[in-house]
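Participant: need a 3D model of the sequence below.
(one chain, ligands or ions: 1)
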Amino acid sequence: MSVTPASNAAPATQLSLHKLCVHHAGAASSKPGADLQLALKNISLQIKSGEQIAIIGPSGAGKTSLLHTLACAHQPLSGELIWNGRHPWQSTDTERHAMRRQLFLAPQSPPLPARQRVITSVLAGRLPQWSLWQSLRNLFLPSDPVAAYDALAHFHLQDKLYARVDQLSGGERQRCGLARLCLSDARLLLVDEPLSALDPTLALQTLNNLQQLARQRQATLICSLHQVELARAHFPRVIGLRQGEILFDTDHVTDTMLTDLYRNAGSTCMPATAAAPDAALADTMRCF
Ligand SMILES: Nc1ncnc2c1ncn2[C@@H]1O[C@H](COP(=O)(O)OP(=O)(O)OP(=O)(O)O)[C@@H](O)[C@H]1O
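Facilitator: Residues are numbered from 1 along each chain as shown. As a prediction, the model looks like this:
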């Protein structure tokens, strides 16, 4: 894996969010005239290039919504999102699509075609860099088996190189999705609950590998996690989300903060409404 030489310049602000509110179309209020149920409320954040940030919070707190919003997969209802000095939602579709190619969103359940070989799926991490012809050719003749093997080896999955995706366990599928990330050249890595299907040993190894990869590439890593102790021990910055709002944004999470964050967890969630992913999210996922 190539490592870009370090620069002495102070890290630039990569993402800037100002009073951002996000509403999911499927989450319209059940009572006419009642307030909109917002997945994210007045989120303001500054994120510098190369930062490693964990996002924690109870189920339904808005972690995935935040990652999808940062990935320009979900248009905010109000507020401002600035990405490397540019406004994705004031740009043309083509410009926004080009911005999305500079980031990698690893969803909780990676969209891996069931009948595909692992090698083909992993190499799809390079789709944003490829022409249509290269992408189609990779479906029939995997373009770079050595790179796919190396990427899988990062997540102890190299022996599954030629396995079919539907023969993988849940945890193996999750790591296969992360191996794609190795092959992308993105400088913004947005990873949604990467450890949820892994045993404690693999979870720690996987997190270490993700963080090392991001450091080597000087990429920003933003990771949602339910493993609070891992977040606390391994991330220099932890953001606590509760009911769509930032409860804390800190380099030192105290027990009191955690008690407040998870107080009555389970009753804090807004009612979930099943809805199809919106068009922007579908577009973002196609990049991966
Ligand atoms: N597509 C959708 N349509 C409607 N409501 C949605 C949609 N996606 C999420 N929500 C709602 O937005 C809120 C935040 O959800 P989100 O998935 O961001 O939470 P989360 O913190 O990632 O949860 P978890 O830890 O369970 O994955 C929840 O109340 C959820 O029900």
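Participant: now the longest helix anywhere in the chain: buried residues?
Facilitator: Longest helix in the chain by number of residues (criterion: DSSP state H): helix 200-217. Of all the residues in helix 200-217, those buried under the rule 16 or more other C-beta atoms under 10 Å are L202, A203, L204, Q205, T206, L207, N209, L210, L213, A214, R217. (Glycine included, C-beta is placed from N, CA and C.)
Participant: confirm that L81 sits in a helix.
Facilitator: No. Counting by DSSP: H, G, I helix; E, B strand; the rest coil, L81 is not part of a helix but strand.
Participant: that one and D251, how far apart?
Facilitator: From L81 across to D251, the span is 24 Å (C-beta to C-beta, to the nearest Å).
Participant: also L210?
Facilitator: Applying C-beta to C-beta, the value for L210 to D251 is 19 Å.
Participant: give me every residue that touches the closest residue to R187 other than its chain neighbours.
Facilitator: Nearest residue to R187, sequence neighbours excluded (C-beta to C-beta, 6 or more residues apart in numbering): A219, at 4.7 Å. With contacts defined as C-beta atoms under 8 Å, 6 or more residues apart in numbering, A219 is in contact with G50, A186, R187, L188, L189, L213.
Participant: assign the closest residue to the second one other than its chain neighbours to helix, strand or coil.
Facilitator: Spatial nearest neighbour of A186, excluding adjacent residues (C-beta to C-beta, 6+ apart): F104 at 3.8 Å. Following three-state DSSP, the label given to F104 is strand.
Participant: and F104, how many neighbours?
Facilitator: 25 (other C-beta atoms under 10 Å).
Participant: one step back: now, the contacts of A219 that are in helices?
Facilitator: L213.
Participant: in JSON lines, list the contacts of A219 along with distance to the ligand and pLDDT.
Facilitator: Below are the contacts of A219 laid out as JSON lines (distance: C-beta to the nearest ligand atom, whole Å; pLDDT from 0 to 100):
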{"residue": "G50", "distance to the ligand": "24", "pLDDT": "94"}
{"residue": "A186", "distance to the ligand": "21", "pLDDT": "90"}
{"residue": "R187", "distance to the ligand": "23", "pLDDT": "90"}
{"residue": "L188", "distance to the ligand": "18", "pLDDT": "94"}
{"residue": "L189", "distance to the ligand": "17", "pLDDT": "95"}
{"residue": "L213", "distance to the ligand": "23", "pLDDT": "92"}
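Participant: looking at the contacts of A219, which are in strands?
Facilitator: Cross-referencing these against strands under DSSP state E gives L188, L189.
Participant: the residue nearest to A186: what's it in contact with?
Facilitator: Counting by C-beta under 8 Å, 6+ apart, F104 makes contact with G125, R180, L181, S184, A186, L188, L189, L190, F288.
Participant: quick one: which of those residues has the most company?
Facilitator: Neighbour max across the contacts of F104 (other C-beta under 10 Å) = L181, 29 neighbours.
Participant: out of the helices and strands in this structure, which is least certain?
Facilitator: Lowest by mean pLDDT, DSSP states H and E among the helices and strands of the chain is helix 279-286, with a mean of 43.
Participant: mind checking pLDDT for the nearest residue to L188 once chain neighbours are set aside?
Facilitator: Excluding its sequence neighbours, the residue lying closest to L188 (C-beta to C-beta, 6+ apart) is L103, at 4.0 Å. Among the per-residue scores, L103 shows a pLDDT of 92.
Participant: pretty sure L103 sits against L190.
Facilitator: Yes. With contact defined as C-beta atoms under 8 Å, L103 reaches L190; the gap is 6.3 Å.
Participant: give me the common contacts of the two.
Facilitator: Joint contacts of L103 and L190 (C-beta under 8 Å, 6+ apart) are L70, A71.
Participant: can you give me the strands for the stretch 1-150 of the chain?
Facilitator: Assigned by DSSP state E, counting those that start in this stretch, the stretch 1-150 of the chain shows strands spanning 13-22, 40-48, 52-56, 78-83, 103-106.
Participant: let me see the mean pLDDT of the first one.
Facilitator: Okay, so that is strand 13-22. So the average pLDDT for strand 13-22 ends up being 91.
Participant: returning to what we had before: comparing L81 and D251, which residue is more hemmed in?
Facilitator: L81 (22 against 8).
Participant: from the ligand, how far off is the nearest residue to that one once chain neighbours are set aside?
Facilitator: Among residues not flanking L81 along the chain, L17 sits closest, at 5.6 Å (C-beta to C-beta, 6+ apart). With distances taken as C-beta to the nearest ligand atom, to the nearest Å, L17 is found 15 Å from the ligand.
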